Every structure is written in structure tokens, then in C-alpha cells.
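**Q** I'd like to go over a predicted model; first the sequence, then the structure.
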Amino acid sequence: MTTRRKLVVGNWKMHGSHAANADLLQGILAARPFVGEVAVCVPFPYLSEVAVTLANSSVAWGSQDVSAHAQGAYTGEVSAAMLAEFGCRYAIVGHSERRAYHAESDQLVADKAKAALAKGLTPIVCVGETLEQREAGETEAVVKRQLSAVIHTLGQCIGEVVVAYEPVWAIGTGRTASPEQAQAVHAVLRAQLAAATPRATEMKLLYGGSVKADNAAVLFSQADIDGGLIGGAALKAADFVAVARAAG
Ligand code: 13P
């Protein structure tokens, strides 16, 4: 069996302030070392202070989005090259909130993943079905369609990405997928990746959606779940540290 090092990523979404970020990061740093890898994906304006606070620590940082374009007249967008200058390791792409509120298509998400990889960032590609889609029995078809656009666009480089399965109905609702439901989708995604790259067994597949200290360990112990993408529980150091420890 392949041993993949677990990865726990905090997605701060649109939360934070200078003071709150400093407290949160100090709390995370004070809890080191972690057995798994730990990262935080923060709002753009805070990248530079986070980069300074986390420099030379074992905690990585990233963004919550990236432009599909390299540069140019794209008001409001942030390029992968800019993020790379801040020492970003990760860029979340295709989060369901961006797909829903910013009409991001599967192809745009794939193009963003490509732009991130081109500058040495690791894209965390999010996929996941809505409640309506799950109830219609479409879960597998939806996540496969979302991932397939990325596989098609990246070719062999698909082996470089992290994939996060985040069922939309589990995000911010307190309603977590059961470990069996999550594992079943992760197994589908792993098989789809295996058909595209020999590196599929090394790739990290994260689960996201109402992960908390009390459900993280059992989710992370599933065969194809290699850690988590954490929203609400990433905003308080004690909560996030407890989830990160569950990956140990
Ligand atoms: P919650 O952990 O708040 O459900 O959010 C999950 C998520 O969307 C992480 O990207």
C-alpha cells in the first residue's frame, strides 16, 4: 500500500483581519510539529503578512483563486506569477463558491489549474455535487465531468495537482458526508486519475465539507482520503490544530 503523507489545508474564505490572522497563525505555529503537512489558503491582501509570519516554518500558504491569464488587462485578477513571488505553494481552484457565485466553468477551472502549475504552484482542484445532483443519482457523473476537464487540459501534469472532493451540501452546513460516502467518491476519483497517470497512487485527494475535530480522524483514515480542506474549523487555532492532529 502506498503511504501518502496527509495534508490539511485551511481555507479561510473571506475571513480575517491583521489581529485575527496573527493570533491564528501564532496558535498554529505554537502547535508544531505536525505529522502531516499543514497549509493555510488566505485572502489575497494578507498573503504578504502570512508569508512573513510563516517563512521558514513547516506551515505552507496559498491563495483561494488564481487567474487563468498570465498578465494583462484583467482588472481584479491575480496571476500565478504574482502568487509565486509571495512564496505561495498552493492555489485553490474551482471551489464550489466560485463555480456558483462567479459562474466558473469546468474549462475555466482547468485553465486556472494550468496557469498555477506553469508558475510552480500546486493547484488544489475542487470538485463536488450539489444536494439536488446527489439526490438525482448524479454524483459520480458530476465529479467525473469536473475532473475530466482538468485531466484533459493538463495531460500528464495532472499528477502534480491535489484534488479536493467537497460535496456542496456539506459545505458550511454541519452536514458532513459519512466516511463511506466520502470514500466512495474518492475511490471513483482515484480510479479516474489512475486511467490518466501512473502517479495516481501518489496523489493527494482531500475531503472538505464540515470537517471538525470530532469527525476528522475517521474521515482521514479512509483508504483514499489523504487529508482535508477545512473552512469553518480553520478559523480558530485550537479547532484547526485539532483537525491537523487528526491527520497524524
Ligand atoms: P466548511 O468546513 O466550513 O464546511 O467549508 C468547507 C470548504 O468549503 C473548504 O474549502
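**A** Structure received.
**Q** can you tell me the average pLDDT over stretch 240-248?
**A** Averaged over stretch 240-248, pLDDT sits at 96.
**Q** quick one: that stretch near the ligand?
**A** No. Stretch 240-248 stays clear of the ligand (CB under 6 Å from any ligand atom), getting no nearer than 9.2 Å. Yep, even glycine has a C-beta here, placed from its N, CA and C like the rest.
**Q** which SSE is the spatially closest residue to Asp65 that is not a sequence neighbour in?
**A** The shortest distance from Asp65 to any non-neighbouring residue, by CB to CB, 6 or more residues apart in numbering, is to Arg98 (6.2 Å). Take DSSP states H and E as the rule and Arg98 turns out to sit in helix 96-101.
**Q** hey, where'd the helices end up in this structure?
**A** 18-30, 47-54, 80-85, 96-101, 106-118, 131-135, 139-154, 179-194, 213-220, 237-246 (DSSP state H).
**Q** Make CSV from those helices and add mean neighbour count and distance to Val38 to it.
**A** Shown next, in CSV, are the helices of the chain (neighbours: other CB atoms under 10 Å; distance: least, CB to CB, whole Å):
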stretch, mean neighbour count, distance to Val38
helix 18-30, 15, 7
helix 47-54, 17, 10
helix 80-85, 19, 19
helix 96-101, 17, 22
helix 106-118, 21, 20
helix 131-135, 14, 30
helix 139-154, 19, 24
helix 179-194, 18, 20
helix 213-220, 18, 13
helix 237-246, 20, 5
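**Q** Tabulate those helices (CSV), appending distance to Pro167.
**A** CSV is the format used below for the helices of the chain (distance: least, CB to CB, whole Å):
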stretch, distance to Pro167
helix 18-30, 26
helix 47-54, 28
helix 80-85, 27
helix 96-101, 9
helix 106-118, 17
helix 131-135, 7
helix 139-154, 8
helix 179-194, 8
helix 213-220, 12
helix 237-246, 18
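**Q** picking up where we left off before, so the residue nearest to Asp65 touches Lys112, yeah?
**A** No. Here Arg98 does not reach Lys112: they are 9.2 Å apart, not a contact under CB atoms under 8 Å.
**Q** what is in contact with these two at once?
**A** Common neighbours of Arg98 and Lys112, counting by CB atoms under 8 Å, 6 or more residues apart in numbering, are Asp65, Glu104.
**Q** show me the contacts for the residue of the chain found nearest the ligand.
**A** Closest contact between the chain and the ligand, by CB to the nearest ligand atom, is at Gly231 (2.2 Å). Residues near Gly231 by CB under 8 Å, 6+ apart: Asn11, Lys13, Ile171, Gly172, Gly208.
**Q** list the contacts for the closest residue to Asp239 other than its chain neighbours?
**A** Nearest residue to Asp239, sequence neighbours excluded (CB to CB, 6+ apart): Ala233, at 4.3 Å. Contacts for Ala233 (CB under 8 Å, 6+ apart) come out as Val211, Lys212, Ala213, Asp239, Phe240, Ala242, Val243.
**Q** nearest to Val188, of these?
**A** Lowest distance from Val188 to the contacts of Ala233 (CB to CB) belongs to Val211, with 19.6 Å.
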